[in-house]
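*Asks:* Prediction below, plus the sequence it came from.
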Amino acid sequence: MFEIVEAPIDPQAVEAAVRAPACGGIVSFSGVVRESADDGRAVSGLRYEAHAAMARASFAEIADEIRRTMPEVRLAIVHRIGELAVGEIAVVVVAAAPHRADAFAAARYAIDELKERAPIWKEERYRDGARLWIENRCGEMKP
Amino acid sequence: MPKVRVLAFARLRELLGESREVALAEGATLRDLWSSLLAAEPRLQGLESGMRFACNQRLCADERTLHEGDEIALLPPFGGG
């Protein structure tokens, strides 16, 4: 399941898409709209947009890369676009694998690569009315 | 005179609109396309920093020659997740 959606994401539905009898470990990551920006400014919400076809293709490409080293991993990625309020889920990545190590590694790889490679854009909207397009800092990991 | 479809996103979309058709000289490249957009919309100046082009949904270098019906996407630095 590799999708760009406008409606709220149900993480359990995404998880259901990769659940399989062979998989004993499922790691689910949800990226959620935070109430404050990196500089501490109060955020009222985010607006996302995407080149949907290219974004879906990048998700599938990330999954292909994971399967090269971990062939049994089943991956799903769903990213929401449009206007999101604080607390809403922007992205869900779920990796299922026979054992937990691969599930954790695959989920981590997928969200990191998505931020770097998927043609998706985010505009932060602040409580003071200002707006700003945010660029992911590629190759730099944030805690 | 090949005509191409230009899709713009994020801050580039705010200046160019989501989609527009652009006619170019025979043999024009992506770099030429950007120059013509810049001439039409001077506020694009500086926004090429970190921008990438996709041609028919694949990333490509700016020396690529354009052909009739190509779909060109102007991709500012990504911010997903």
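*Replies:* Now that the structure is in, tell me what you want to look at. Fair warning: this is a prediction, and the values are worked out from it, not measured in the lab.

*Asks:* if I've got this straight, residue A:123 is in a strand?
*Replies:* Yes - checked against DSSP: H, G, I helix; E, B strand; the rest coil, residue A:123 lies within a strand.

*Asks:* nearest spatial neighbour of it, skipping sequence neighbours?
*Replies:* In space, and not counting its chain neighbours, residue A:123 is closest to residue A:47: 4.5 Å by C-beta to C-beta, 6 or more residues apart in numbering or on different chains. C-beta here means a position set from N, CA and C on the backbone, and glycine is covered the same way.

*Asks:* give me phi/psi at the one you found?
*Replies:* Backbone torsions of residue A:47, given as degrees, to the nearest 10, read phi -120, psi 120.

*Asks:* need the contact list for it.
*Replies:* Applying C-beta atoms under 8 Å, 6 or more residues apart in numbering or on different chains to residue A:47 gives the contacts A:82-84, A:122-123, A:125.

*Asks:* Quick check: pLDDT value at it.
*Replies:* In this prediction, residue A:47 carries a pLDDT score of 98.

*Asks:* Pull out the buried residues from the helix or strand where residue B:22 lies.
*Replies:* In this structure, residue B:22 sits in strand B:19-23 according to DSSP states H and E. Buried residues in strand B:19-23, counted by 16 or more other C-beta atoms under 10 Å in any protein chain shown: residue B:22.

*Asks:* tell me which strands and helices it is in contact with?
*Replies:* Applying 3 or more C-beta pairs under 8 Å, 6 or more residues apart in numbering or on different chains; DSSP states H and E, we find strand B:19-23 packed against strand B:3-8, helix B:30-40.
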